[in-house]
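S.K.: take this sequence and fold it.
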Amino acid sequence: MASISKGGQGLLIIAILLVLLILVIALIYREFTMTPAYIYQRSVYYALKYDPQVIVEQLIQVMNAVVTGYAINYSQFLMNEGITLYLHALTSMPVSYSLSNVIETQLKLMISSIYTPTGLIVPENNLNARIAAITGFYGALGIPGIKYVYSGGNKSLILASAQQTYDLPSLGIQHLTLNYTINLTASIALNSACNISPNTMTYNTTLECIFNFKTNTYTCTGPGIYSTGQANSLWAPYYRAYPSQEYWQEGVGWVVSSGTYPLVFTYPVDELMGQSGFVISATFNVTQSPNNYLVGINFLTPTPPTSGTGNNGYTICITPLTSQSSNNICTVSYTSSSTIINVTVIITPKEPINLFSGSTIGTASIYVNGQPQEPISIYLPNFHLISNTIFGNNAYMLSGYDSNYNVYVGSWVALILNNAAVINASVKYLNSYNLPTNIPIEVSINNNPALGATLSGLAVTPTLGAKSFSINYTVCNITSNTIVFNVQMPWPPTGYPTTQYLILVNYSNIILALNPWSRPQNSMIPRGYSATSLVPYMAYVLNKTSNELIINTYFINLGVPTLLSIYGSSTGLYITNIINGYEYAVIGPVIPISTLNILKVNNALPMHVMSIFTFNETLYNLATGYTVISQVVPPAQTSITGYGNTANYPSGLYNWVTEYEHFPNQTLPYTYFNYTILNCQGTSQSGNTYANYNLYYIYANGQLQYVGYTPSLQLPSCQQQYPPWW
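M.R.: Coordinates of the predicted model:
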């Protein structure tokens, strides 16, 4: 019995302890494991009992924390993946991705779940949140395949604010308006802001492509650029047009046994690529016919010749010493006694390039086997504004006219052969950048000096990503509303302009970026823009095996590397048949074509493809110089447009144009391009007639075959009138 009694007492004690434990757990659960809103509400209630002012202060802190947090996160998001937010966040569109909408949603959630249920706070009106940004940059460091930050502005700004009016009936407060704003601004100031003398240095760059026709290889090297490939595909001679006279022989080069035929370079060579000039060189072997040959270089021609040298552009001819006949197709002729002949032409502008206001005069220095010859004065092509009634807009044609020689000028180059072989060739582009090395930067926060701001450097190379570097700077002035830093940029800027140098301003983890060299040399680039994309050339390739039509567009980038954006349902490209009045939206992939694109940045194209809402956006890295972007028209669309029968090629393309959609809220504000390419001839303001044209190729049996270009007689007038439905 005793043992049983003791056991019963033990059980009773255990039961009592369990009950107490359950009560304690219940109390803890009620106090600490209820919903966050319940706990906050109780906190608010107890705080009100002791100090009602805490409620107002806490509300202010909540608003400040939300606005500050989103300003910090947004600035860093712009650096890493800003392209995905730029379109809708900066325009404050009422969509789920709008940053202002996110701030409003966050604050409403906190107030409605914490304060409103207690009856302490009653909002009088809707919360007004605002986000504004003059980024001067947007980023893509966090997006796979891009790893790039782009900057083009002299000013960056992030403004985040929130405002709302409340009633606090328990405190007897009505119409309490709370607002909080963060306005961080950084900009490149005038030299007078620091009273410093500007120090500008010249940075020279060379981009050179060397073509070895003996081995059928080429190599391009330049600042941040290296690419290799097959040389023959890029020069695209008039394949198989004269098979008995023109052919390629391994170990020898391209051979022309009789007649005068060109080896045409399928890549534009003009002052758009080399603002400080360009160099064309070729080496010929005339051992087969040392007493009867003609070799040389035809450059700055508006239409690549399909036979002979034509009468456009300028032609440098070399003939034997024994030759007595003069050739009227040559601008200038020289003689040589050597069997290995090198011809080099150095084109140098006499004045700064201005593509949109009159022709630029240059000098062509000529060397034969290293010996200088008499130079000639030449005209460089420029853009002529042509009114276009077809689409109701304007376009530019890159062309020109030299009244001294009575020739039209353009951008293409050909090597001239007659009873000779061409061994190698090279094209060299020269650029000079005048860059400031000391830059004043002013920073303000809410219109006050941003004391405590720090500066750092970021060097970004396409596909490789960003690399931080330290910069030297001092505080040189503090005004009533800004602090001014004198920044010393590193010199020389290795890899520039392919590698972009940015200055990062950090204030309490809010980051702004500035590009100190956003406008290094080209007067035609608007201030605050880092690049200009123009589209002066086009080429068509018909793949006879797959019956696909490939439309190649040469994009020129005159500034620092940036992204090219193509919008549309799938591509953003439209093909329009002018004569028959048919319009087709061609659905097909947009890709770079390796056989026509020699300038690659780390051999990585395309960069990335993204989708924004219902719009597909194809993004391509656009290095300085030309980039060839291709649209592949599938066989079904090729047949619809009339190209299914190869007999219509290229005549079926004479009256077709390619138009680029212009999306109003472009995500790439630092790149613009003329989105209509005219295949027509028009009259410039000076009265000279200029022709815009297309090149035509056929791709068959693994070989790109150059067919020709649009004859001027086949081109309609740009002012041609069409039915009212146009």
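
S.K.: report how many residues lie close to the closest residue to Thr335 other than its chain neighbours.
M.R.: Distances taken as CB to CB, 6 or more residues apart in numbering place Leu321 nearest to Thr335, at 4.9 Å, with adjacent residues excluded. Where C-beta positions appear, they are placed from N, C-alpha and C, glycine not excepted. Using other CB atoms under 10 Å, Leu321 is surrounded by 11 other residues.

S.K.: against Val295, how distant is Leu321?
M.R.: Here Leu321 is placed at a distance of 14 Å from Val295 (CB to CB, to the nearest Å).

S.K.: check contacts around the residue nearest to Thr335.
M.R.: Thr335, Ser336, Ser337 (CB atoms under 8 Å, 6 or more residues apart in numbering).

S.K.: ok, and for stretch 252-265, which residues are buried?
M.R.: Gly253, Trp254, Val255, Val256, Ser257, Thr260, Tyr261, Pro262, Leu263, Val264, Phe265 (16 or more other CB atoms under 10 Å).

S.K.: can you get me a residue count around the closest residue to the first one other than its chain neighbours?
M.R.: Nearest in space to Gly253, with sequence neighbours left out and distances taken as CB to CB, 6+ apart, is Phe213 at 3.8 Å. Burial measure for Phe213: 27 neighbouring residues, criterion other CB under 10 Å.

S.K.: what of Ile551?
M.R.: For Ile551, using other CB under 10 Å, the count is 25.

S.K.: ok, now Thr185?
M.R.: So Thr185, with other CB under 10 Å, has 22 neighbours.

S.K.: next: Thr202.
M.R.: 9.

S.K.: run through the residues that contact it.
M.R.: By CB under 8 Å, 6+ apart, the neighbours of Thr202 are Ser432, Tyr433, Asn434, Leu435.

S.K.: try it again at 7 Å.
M.R.: Ser432, Asn434 (CB atoms under 7 Å, 6 or more residues apart in numbering).

S.K.: low-scoring stretches of the stretch 501-650 of the chain, by residue?
M.R.: 519-532, 563, 565-587, 600-619, 641, 644-646 (pLDDT under 70).

S.K.: which stretches of it form strands?
M.R.: If DSSP state E, counting those that start in this stretch is used as the criterion, the strands of the stretch 501-650 of the chain fall at 510-514, 533-543, 548-557, 562-568, 573-577, 582-584, 590-592, 608-612, 615-622, 625-633.

S.K.: only C-alpha atoms, please: export the last one in PDB.
M.R.: Right, the one you point to is strand 625-633. These are the backbone C-alpha positions of strand 625-633, laid out as PDB (Å, rounded to 0.1, in the frame of the first residue of the first chain):
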ATOM      1  CA  GLY A 625      33.200  50.100 -85.200                       C
ATOM      2  CA  TYR A 626      30.900  48.000 -87.300                       C
ATOM      3  CA  THR A 627      28.900  45.000 -86.100                       C
ATOM      4  CA  VAL A 628      26.900  42.900 -88.500                       C
ATOM      5  CA  ILE A 629      23.500  41.800 -87.300                       C
ATOM      6  CA  SER A 630      21.500  39.300 -89.400                       C
ATOM      7  CA  GLN A 631      17.800  38.500 -89.600                       C
ATOM      8  CA  VAL A 632      17.100  35.000 -90.800                       C
ATOM      9  CA  VAL A 633      13.900  34.800 -92.800                       C
END
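
S.K.: which helices and strands does it pack with?
M.R.: Contact partners of strand 625-633 among helices and strands, from 3 or more CB pairs under 7 Å, 6 or more residues apart in numbering; DSSP states H and E: strand 548-557, strand 590-592.

S.K.: repeat that with 10 Å
M.R.: On a contact count with 3 or more CB pairs under 10 Å, 6 or more residues apart in numbering; DSSP states H and E, strand 625-633 meets strand 420-436, strand 533-543, strand 548-557, strand 562-568, strand 573-577, strand 590-592, strand 615-622, helix 635-640.

S.K.: in CSV, list the ones you listed along with distance to Tyr706.
M.R.: Output for the helices and strands packed on strand 625-633, formatted as CSV (distance: least, CB to CB, whole Å):
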stretch, distance to Tyr706
strand 420-436, 16
strand 533-543, 9
strand 548-557, 12
strand 562-568, 26
strand 573-577, 22
strand 590-592, 19
strand 615-622, 25
helix 635-640, 20
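
S.K.: out of those, flag the one nearest Pro516.
M.R.: strand 420-436 (6.8 Å; CB to CB).

S.K.: okay, the angle between the helix or strand following the closest one and strand 510-514?
M.R.: The element immediately downstream of strand 420-436 (helix or strand, assigned by DSSP states H and E) is strand 438-445. Here the directions of strand 438-445 and strand 510-514 differ by 150 degrees (axes from the mean of the first three to the mean of the last three CA atoms, to 10 degrees).

S.K.: strand partners of whatever helix or strand comes next after strand 438-445, parallel vs antiparallel please.
M.R.: Downstream of strand 438-445, the next assigned helix or strand under DSSP H and E is strand 448-449. Paired strands of strand 448-449, with direction, are strand 438-445 (antiparallel) (DSSP bridges).

S.K.: pLDDT of the partner strand, averaged?
M.R.: When pLDDT is averaged over strand 438-445, the result is 94.

S.K.: how about stretch 143-160?
M.R.: 76.

S.K.: ditto for stretch 193-213
M.R.: Mean predicted confidence for stretch 193-213 is 89.

S.K.: packing partners for the helix or strand where Phe278 lies?
M.R.: Per DSSP H and E: Phe278 is located in strand 277-285. Counting contacts by 3+ CB pairs under 10 Å, 6+ apart, strand 277-285 packs against strand 200-212, strand 253-256, strand 295-301, strand 314-320, strand 340-349, strand 360-368, strand 412-417, strand 420-436.

S.K.: re earlier: anything in contact with each of Leu321 and Val295?
M.R.: Shared between the contact lists of Leu321 and Val295 (criterion: CB atoms under 10 Å, 6 or more residues apart in numbering) are residues Ser336.

S.K.: how about the secondary structure of Ser233?
M.R.: helix (DSSP: H, G, I helix; E, B strand; the rest coil).

S.K.: same check, this time on the one 4 residues further on
M.R.: Recorded secondary structure, Pro237: coil (three-state DSSP).

S.K.: tell me the predicted confidence for it.
M.R.: 78.

S.K.: surely it meets Tyr247?
M.R.: Yes: between Pro237 and Tyr247 there is a contact at 9.2 Å, judged by CB atoms under 10 Å.

S.K.: so the two - more neighbours on which side?
M.R.: Pro237 (25 against 15).

S.K.: what's opposite the closest residue to the more buried one other than its chain neighbours in the beta bridge?
M.R.: The shortest distance from Pro237 to any non-neighbouring residue, by CB to CB, 6+ apart, is to Leu263 (4.8 Å). Note on Leu263: beta-bridge partners by DSSP bridges are Leu415.

S.K.: make 47 the starting number, not 1.
M.R.: That works, and once the first residue is 47, the last one we named lands at Leu309.
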